[in-house]
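Student: Predicted coordinates and the sequence they were generated for:
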Amino acid sequence: MLVHADTAADIAMFGRMLASVPKYNREAAVQVAHAITTHKVVVEDDYYTAVDDLKTSVEDAGAGFIGELGFGSGVFYLYACIDRELLLKNLGGDAALARKAIEAFVEGFAKARPSGKQNSFAALALANYLRVEKGSQQPRSLAAAFFKPAWAMISLQSRSKRSKATTARVASSRRWTLSTVLASRIPAPCA
């Protein structure tokens with residue numbers, strides 16, 4: 001148990017709650033919103049079959065398995081906010097560790113991508129755009145910019161122009177606000 005000062009960056013960043021010993025609770029210094037698409041997503045179906053190579057034609061000549069998986073392709077907006085002062089407090093004033101934690105978080109935020117169903121969807125896209133705002137002002141998410149889907153506002157432009165227009169809309173010393181746009185194919189839950 002970390003009794004004197006926290007040295008675990010993950011607890012300092014994302015918080016901890018111990019109901020039985022509240023004095024060890026830590027308020028999270030990082031806020032991370034769910035990824036949302038910048039446009040309407042149509043769930044598509046991936047119909048697939050699997051062959052049982054060990055069966056002979058006498059046993060059964062058909063597929064070993066037939067399945068269907070819903071998926072959607074999207075350009076995603078992600079948002080996070082780091083309260084540097086709170087992170088520093090949570091780390092017992094260790095400025096070097098706070099700086100390393102922020103650097104690692106920003107790199108992970110920019111490079112993270114879905115890990116499921118990679119053999120089927122190859123969702124290997126990295127962030128196309130990353131905006132960092134630094135200052136003591138109130139943090140702001142730009143998610144409301146996508147209440148009206150981005151594609152509807154950018155009629156017949158090329159894909160690269162659409163991507164630039166979308167990312168351009170995604171437009172602290174105390175807070176760091178991170179916004180990123182990630183183009184990816186992510187499996188959607190099947191109904």
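Tutor: Thanks, I have it.

Student: Please count neighbours and contacts with C-alpha atoms only from this point.
Tutor: Noted.

Student: all strands of the chain, in order?
Tutor: Using DSSP state E, the strands of the chain run over 30-32, 36-37, 44-50, 65-83, 127-135, 175-187.

Student: Which strands border the second one, and is each parallel or antiparallel?
Tutor: What it means is strand 36-37. strand 65-83 (antiparallel) (DSSP bridges).

Student: low-scoring stretches of the protein, by residue?
Tutor: 1-5, 59-62, 150-191 (pLDDT under 70).

Student: What distance do you get for Asp10 to Lys40?
Tutor: Counting by Cα to Cα, to the nearest Å, the gap from Asp10 to Lys40 is 34 Å.

Student: now do Thr7
Tutor: 43 Å.

Student: now Asp53
Tutor: For Asp53 relative to Lys40 (Cα to Cα), the value is 41 Å.

Student: same question, Phe76
Tutor: Taking Cα to Cα, one finds Phe76 at 11 Å from Lys40.

Student: Next: Ala12.
Tutor: 36 Å.

Student: what's the single longest helix in the chain?
Tutor: As assigned by DSSP state H, the longest helix anywhere in the chain is helix 95-111.

Student: hmm, back to that, between Ala12 and Lys40, which one's more packed in?
Tutor: Ranked by neighbour count (other Cα atoms under 10 Å), Ala12 and Lys40 place Ala12 first, with 24 against 17.

Student: quick one: contacts for that one?
Tutor: Neighbouring residues of Ala12 by Cα atoms under 8 Å, 6 or more residues apart in numbering: Asp6, Arg26, Glu27, Ala28, Ala29, Leu87, Asn90, Leu91.

Student: Please narrow these to those residing in helices.
Tutor: Per DSSP H, those map to helices at Leu87, Asn90.

Student: and which of the contacts of Ala12 is nearest Gln137?
Tutor: Closest to Gln137 out of those is Ala29 (15.7 Å), distances taken as Cα to Cα.

Student: residue contacts, the closest one?
Tutor: Ala29 touches Ala12, Met13, Phe14, Gly15, Ile82, Asp83, Arg84, Leu86, Leu87, Asn90, counting by Cα under 8 Å, 6+ apart.

Student: Can you tell me which of these is nearest Glu44?
Tutor: The closest of the contacts of Ala29, once distances to Glu44 are taken by Cα to Cα, is Phe14, at 34.8 Å.

Student: so what's that closest one closest to, chain neighbours aside?
Tutor: Nearest residue to Phe14, sequence neighbours excluded (Cα to Cα, 6 or more residues apart in numbering): Ala28, at 4.4 Å.

Student: Counting neighbours, what do you get for the one you found?
Tutor: 19.
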